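In: Sequence first, then the predicted structure:
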Amino acid sequence: MNEKRTGPWIEVWQRLRRNKMAVLGLIVIVFLILVAIFADYIAPFTYSQQNFEAALQKPNSTYWFGTDNFGRDIFTRVVYGSRVSLQVGIISVSIALLVGGTIGAIAGYVGGWIDTILMRMMDIMLAIPGTLLAISIVATLGGGLRNVMIAVGIGSIPSYARIVRASVLSLKELQFVEAAKAVGTRTSKIILKHLIPNTMAPIIVQSTLGVAGAILAAAGLGFIGLGIEAPRPEWGAMLNAGRHYIRDFPHMTTFPGLAIMITILSLNLLGDGLRDALDPKLKD
């Protein structure tokens, strides 16, 4: 009897869905993405709407998460903050993946002195703590959403460069690459068509975990006042604003803190599940 054959990505999904914690993480992330997309319809107020008569109210039927010191609805700001945080996470990782992946692919395939120079540059960047590098870049360029994404993305470039380089080094001596060389395929085409697609498994895992790291880094920048400019809501900046009132009005820090925690935890659960699902050693 012939066994039913499935594609590799179907097999990955079948292994992933057996990991209940990874599926839970995926559900939460999909929910957060939907919240970010439909924030205009979910939020009961505008995120910059101030009402000083309702300032510092605790959670109630009108203000589900309470209000801040300016009378702004915290639920609304948490909802819109999901849009900012996910945007920072996804675009920062895209920047790091595009630049770092290109560097890693060239270094791994070409080798020689090019590999040495590129990897020493990555080592220099790795020697600088990522948070400190992001703070330096934002302090130089100024605050704002675009500069935060650039700063966080640049700090993540070395990780992707090293992962892609390691994968390319293990692939470039295989027969399908040698065959492409033998028929005169251009180097750029070999890298883009044959090598990069075969490095997708570690890249997907690193990207998932990288989004979590980028959101956390952006929240850290916002907490120290170097993140998104007010009044646009960002979870880290909301924590910073609420720390002065944490004793008497803990709701100002509780809800944005929970939003950060749940998002990071969900991305890490999904990343761990993808790592297991994409590991060929775990195939049935």
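Out: Yes, it's here. Here the structure is a predicted model, which means the values were calculated and not measured.
In: Mind jotting down where the strands sit in the stretch 151-284 of the chain?
Out: For the stretch 151-284 of the chain, applying DSSP state E, counting those that start in this stretch gives no strands.
In: Could you report the neighbour count for G89?
Out: 25 (other CB atoms under 10 Å). Using the backbone N, CA and C atoms, a C-beta is placed for each residue, glycine as well.
In: contacting residues for N147?
Out: N147 sits next to I137, V138, L141 when contact means CB atoms under 8 Å, 6 or more residues apart in numbering.
In: Give me the subset of those that lies in strands.
Out: Using DSSP state E, the subset of these located in strands is empty.
In: wait, which of these is closest to T67?
Out: Of all the contacts of N147, V138 has the smallest distance to T67: 29.0 Å, by CB to CB.
In: picking that back up, go through the contacts of N147 and say which is closest to I204.
Out: Nearest to I204 among these, with distances taken as CB to CB, is I137, at 26.5 Å.
In: How many residues are close by the closest one?
Out: Residues within reach of I137, counting by other CB under 10 Å, total 19.
In: Please name the residues that touch V78.
Out: So V78 contacts F65, P233, W235, M238, F255, P256, A259 (CB under 8 Å, 6+ apart).
In: Could you say which helix or strand holds it?
Out: helix 74-110 (DSSP states H and E).
In: where are the low-confidence patches of the stretch 101-250 of the chain?
Out: With pLDDT under 70 as the threshold, the stretch 101-250 of the chain has low-confidence stretches at 175, 187, 194.
In: Can you give me the neighbour number for A36?
Out: The tally of other residues near A36 (other CB under 10 Å) stands at 18.
In: go on, E53?
Out: Per other CB under 10 Å, the neighbour tally for E53 reads 8.
In: repeat for A127
Out: 9.
In: Quick check: it vs M121, distance?
Out: Distance, A127 to M121, using CB to CB, to the nearest Å: 11 Å.
In: how about the nearest residue to G130, chain neighbours excluded?
Out: Among residues not flanking G130 along the chain, G155 sits closest, at 4.1 Å (CB to CB, 6 or more residues apart in numbering).
In: ok, the one you found to G143 distance?
Out: Computed as CB to CB, the G155 to G143 distance reads 16 Å.
In: ok, these two, which is more surrounded?
Out: Comparing G155 with G143 by neighbour count (other CB under 10 Å), the higher total belongs to G155, at 26 against 18.
In: if I pick the residue nearest the centre of the chain, what's in contact with it?
Out: Central residue of the chain (CA atoms, centre = their mean): V211, 1.0 Å from the mean position. For V211, the contact set (CB under 8 Å, 6+ apart) comprises L86, G89, I90, S92, V93, L267.
In: which residue packs closest to it, ignoring adjacent ones?
Out: Computed as CB to CB, 6+ apart, the closest residue to V211 that is not its neighbour in sequence is G89, at 3.9 Å.
In: The one you found reaches I215, doesn't it?
Out: Yes - G89 is within contact range of I215, at 4.4 Å (criterion: CB atoms under 8 Å).
In: ok so, going back, need the per-residue pLDDT for the residue nearest to V211.
Out: Looking at G89, its pLDDT stands at 89.
In: Tell me how far it lies from Y63.
Out: 28 Å.
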